[in-house]
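S.K.: Coordinates for the following, if possible.
(one chain, ligands or ions: 1)
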Amino acid sequence: MQRLQAFKYELRPDGQQERQMRRFAGSCRFVFNKALALHKERYERGQKKLGYAGLCKLLTEWRGSMETAWLADAPVHPLQQTLKDLERAYSNFFAKRAAFPRFKKKGQRDSFRYPDAKQIKLDQASSRIFLPKLGWLRLRLSRPVLGSLCNATVSLSSGKWFVSIQTEREVEPPIPQASSAVGIDVGVARFATFSDGSYLEPLASFKKHEARLRRYQRAMSRKTKFSSNWKKSKAKVQRIHTRIGNARRDYLHKATTAISQNHAMVVIEDLQVRNMSKSAKGSAEQPGNNVRAKSGLNKAILDQGWFEFRRQLEYKLAWKGGMLIAVPPHNTSRTCPECGCVSADNRRAQAVFRCVECGREGHADHIGAINILARGHRVAACGEDVSRARPARAKRAASVKQEPAEATPSSHVLVGAP
Ligand SMILES: [Zn+2]
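M.R.: As a prediction, the model looks like this:
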């Protein structure tokens, strides 16, 4: 089985390399924004969309022109990759999978990607990596890189530079270690409730830091932009964001690892988290203008990271030889698992379930998880409701699904994974 995996390390550049990396990230941002502006212009004039090849031709012109000759200092492949990213963002928008692409801002996910493994050299013995136009860079090799190199992404986060090395390797098809099955009901009050009655507390990392974040954001807004005090406040705000992201990532990874180790079959509800967390889809005229008007629930959902939870469960189970089944979510919290009675009256309060027919009682989320598991068993056994239920994703796609190279953005719109 082919396994794609990303290994991420902190870089230890010298001053010259750091300046270069900033410049390269800036060049990529410039190219992205210039191309996006062009797309918009053409769209408004009703002209045909310029494809990737057309944009690459333009890039060559830009690199050759007097005005933007400095673009020629940056490695050409990462610049082209930026255009590829834009292309993907654009087609995601037209396929209604994402909001209209936004202009990139300095200091927001600064990164660039080297797509050609032949130009990258990794020297694990001396903890260094060679990247075009940067030379040998030292890195903190916290664990060995496995497999053969595919590409490398350099990124800046909270003042530190990282490289994510994507590799591929052949691994033995996994033999599931566990044989049990579990249903999971996700919610706001409890992050996840299992069909065996256990549950996970909500991930309140954002809430916990929210007050502090607001305070520092206010402090930042009072200061003169780009003054040294403003920069100090900004660094503080970014540090809190980083901490929130780390806590969330850590929590989700621990939870999904434990679940995928202990169960061979995991059943969840097929919730459209994307739709739930999206307030209004962007359009070409008003790209994501109303995204800021988000409800509390919306924020809670993003804070919980359900989408990331499902994504991690999917690839971790595939790695372990297990499977994830997503079942239709209708009435899972209103159906009695004992007698099958479906009634809104079964669920009087948010957390309390009591069947009006047979009197079965329980925590509503627990009952939901039991129903979800039962649905999963029916789907797995005889394909009941197959029209509405669907396996989480095509098996092959899931088995080669990569580990995240970068954190899921905590921004308002969930754009397609890299
Ligand atoms: Zn009942």
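S.K.: where does Phe162 land in three-state SS?
M.R.: Taken by DSSP: H, G, I helix; E, B strand; the rest coil, the conformation at Phe162 corresponds to strand.
S.K.: what's the spacing between it and the ion?
M.R.: As judged by Cβ to the ion, to the nearest Å, Phe162 and the ion stand 53 Å apart. Every residue, glycine included, has its C-beta placed from N, CA and C.
S.K.: Then Cys336?
M.R.: From Cys336 to the ion the distance is 3 Å (Cβ to the ion).
S.K.: is it true that that residue touches Cys358?
M.R.: Yes - with contact defined as Cβ atoms under 8 Å, Cys336 reaches Cys358; the gap is 6.4 Å.
S.K.: neighbour-wise, which of these two wins?
M.R.: Cys336 (22 against 12; other Cβ atoms under 10 Å).
S.K.: And the pLDDT for the more buried one?
M.R.: Reported pLDDT at Cys336 in the predicted model: 93.
S.K.: next one: Ile325
M.R.: So Ile325 comes in at 94 (pLDDT).
S.K.: Please apply the same query to the one 4 residues further on.
M.R.: Model confidence at Pro329, given as pLDDT, is 84.
S.K.: Report the spatially nearest residue to it, omitting neighbours in sequence.
M.R.: Nearest non-adjacent residue to Pro329, counting by Cβ to Cβ, 6 or more residues apart in numbering: Glu269, 3.9 Å away.
S.K.: could you list every residue that touches the one you found?
M.R.: Glu269 makes contact with 185-186, 326-329, 332, 372, according to Cβ atoms under 8 Å, 6 or more residues apart in numbering.
S.K.: Could I get the residues you listed in JSON lines, plus columns for secondary structure?
M.R.: Shown next, in JSON lines, are the contacts of Glu269 (three-state DSSP):
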{"residue": "Asp185", "secondary structure": "strand"}
{"residue": "Val186", "secondary structure": "strand"}
{"residue": "Ala326", "secondary structure": "strand"}
{"residue": "Val327", "secondary structure": "strand"}
{"residue": "Pro328", "secondary structure": "coil"}
{"residue": "Pro329", "secondary structure": "coil"}
{"residue": "Thr332", "secondary structure": "coil"}
{"residue": "Ile372", "secondary structure": "helix"}
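S.K.: so which of the residues you listed is the most crowded?
M.R.: That'd be Ile372 among these, by other Cβ under 10 Å, with 30 neighbours.
S.K.: contacting residues for that residue?
M.R.: Ile372 neighbours (Cβ under 8 Å, 6+ apart): 183-185, 195, 267-269, 327, 332.
S.K.: Recalculate using a threshold of 7 Å.
M.R.: 183-185, 267-269, 327, 332 (Cβ atoms under 7 Å, 6 or more residues apart in numbering).
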